[in-house]
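>>> sharing a model that was predicted from the sequence below.
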Amino acid sequence: MRIHIKWEELRNKIIRRTPFIEPIHGSPFCEIYLKPNCDQIGLKIKGKNYKLRKRKYANVNIQSLQNKNDIDISCTEPSVYRAFFDIAREISDLVQIEKKEVVSSIYGTLAKYEKILQRVEKFSKEKEIGLLGELIFFLKHLNTQSLKKMTNAWNGPDSEEHDFVFGDTDFEIKTTSMENREHRISSISQLMPKYRRSLFLVSYMVTPGVGISSVNLKGLVDDIRSKLKKDKGSTEEQFTEKIRLLGACDMTLRACTDSYLHRRSPLLIKVDRKLPKITPANLLTDTSKIIKCGYSINIDNYDIRKYQEAYNTKIFSI
């Protein structure tokens, strides 16, 4: 059943500061409400065992109520009450009339409104090339790993962790467009192996160019999504969410038009005592007060043949 109350009626209640609760009969049972003092408008959906996603919005709050049996979608910003009313009405129609799944209806509706107003923000060149390397590594591994394992292994937007985690082995991906194999290290912990885990640095060198073997950011994302669609689970959705959290919406990806070729072969280097790096262990000071520390390393002097062989063997046997 559709929401009977019209926006004009709701607006009058807001002006008069009159709280209300209106049931929306159907399955699942819903109700739209306006709290006293008009400081919150919301939609409640009855049900059970709803598993919400870890996604936050500026003016919309989504939470489980009564041991995850009910969902409450609410807004506390009066300037967008009108838009929220339309969102609530659409969600209730989807779950009651069209019998769509509740959680996907909520996030799908919000994503649609979000997409309408989305600003196109082009990546910085450094961020674009950095993500390019991670996706090259991701796509390469899809030939040797299960789709779910590969998607779970990529930490993506979780900058506090290493880029990829497999079993007891981590990988930090670094990509440069410089002529030297020079990479930017963003923190003193980035080249620190976790306790009882091995850490490898994967080094890519790319240069702008077009050819049969060239790649660009949007093409890599599309190729990965196409492969993940073969999985009956939610791997494509999981991958897309990680890409979104990195700021790479479809419009941003379309704006990244540059294509790249490999300048030199990739290297795989074990992060050990020989690798030049800054860590708490080799600093003669208390690092607990150091808020941010970034530096660059040049690993051109490493034995390319030795580490190229390591790349070919280790990278495909994880």
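Cool, the structure landed.
>>> only C-alpha atoms from now on, for both contacts and neighbour counts.
OK.
>>> can you give me phi and psi for residue 52?
Dihedral pair for residue 52: phi -80, psi 160, per degrees, to the nearest 10.
>>> how much space between the residue lying closest to it once chain neighbours are set aside and residue 40?
In space, and not counting its chain neighbours, residue 52 is closest to residue 103: 6.7 Å by Cα to Cα, 6 or more residues apart in numbering. Shown here: residue 103 relative to residue 40, a distance of 21 Å by Cα to Cα, to the nearest Å.
>>> now do residue 224
41 Å.
>>> just to revisit the earlier point, and the one helix or strand the residue nearest to residue 52 maps to, what does it pack against?
When secondary structure is defined using DSSP states H and E, the element that contains residue 103 is helix 102-116. For helix 102-116, the elements it packs on are helix 81-96, judged by 3 or more Cα pairs under 8 Å, 6 or more residues apart in numbering; DSSP states H and E.
>>> how far off centre is the helix it packs on?
Between the mean C-alpha point of helix 81-96 and the mean C-alpha point of its chain there is a distance of 26 Å (Cα atoms, centre = their mean, to the nearest Å).
>>> what of stretch 186-203?
21 Å.
>>> buried set for it?
Burial within stretch 186-203, assessed by neighbour count using 16 or more other Cα atoms under 10 Å, is assigned to 187-193, 198-203.
>>> got the contact list for that stretch?
Residues outside stretch 186-203 that contact it (Cα atoms under 8 Å, 6 or more residues apart in numbering) are 161-162, 168-175, 181, 185, 266-271, 277-280, 292-295.
>>> over to stretch 101-114?
For stretch 101-114, with Cα under 8 Å, 6+ apart as the criterion, the contacting residues are 50-52, 87, 90-91, 94-95.
>>> if you set the cut-off to 7 Å instead, what comes out?
Under the criterion Cα atoms under 7 Å, 6 or more residues apart in numbering, residues 52, 87, 91, 94-95 lie in contact with stretch 101-114.
>>> tell me the mean pLDDT for it?
Stretch 101-114 comes out with an average pLDDT of 87.
>>> and for stretch 65-77?
pLDDT averaged over stretch 65-77 equals 83, rounded to a whole number.
>>> do the same with stretch 180-194
Looking at stretch 180-194 alone, the average pLDDT works out to 90.
>>> ok now stretch 185-201, how far from the chain's centre?
On the basis of Cα atoms, centre = their mean, the separation between the geometric centre of stretch 185-201 and that of its chain is 22 Å.
>>> end to end, how far does that stretch reach?
Across its full length, stretch 185-201 reaches 11 Å between end residues, using Cα to Cα.
>>> which parts of stretch 177-184 are buried?
Applying a neighbour-count criterion of 16+ other Cα under 10 Å, the buried positions in stretch 177-184 are 177, 181-183.
>>> any idea of the pLDDT on residue 31?
In the prediction, the pLDDT value recorded for residue 31 is 92.
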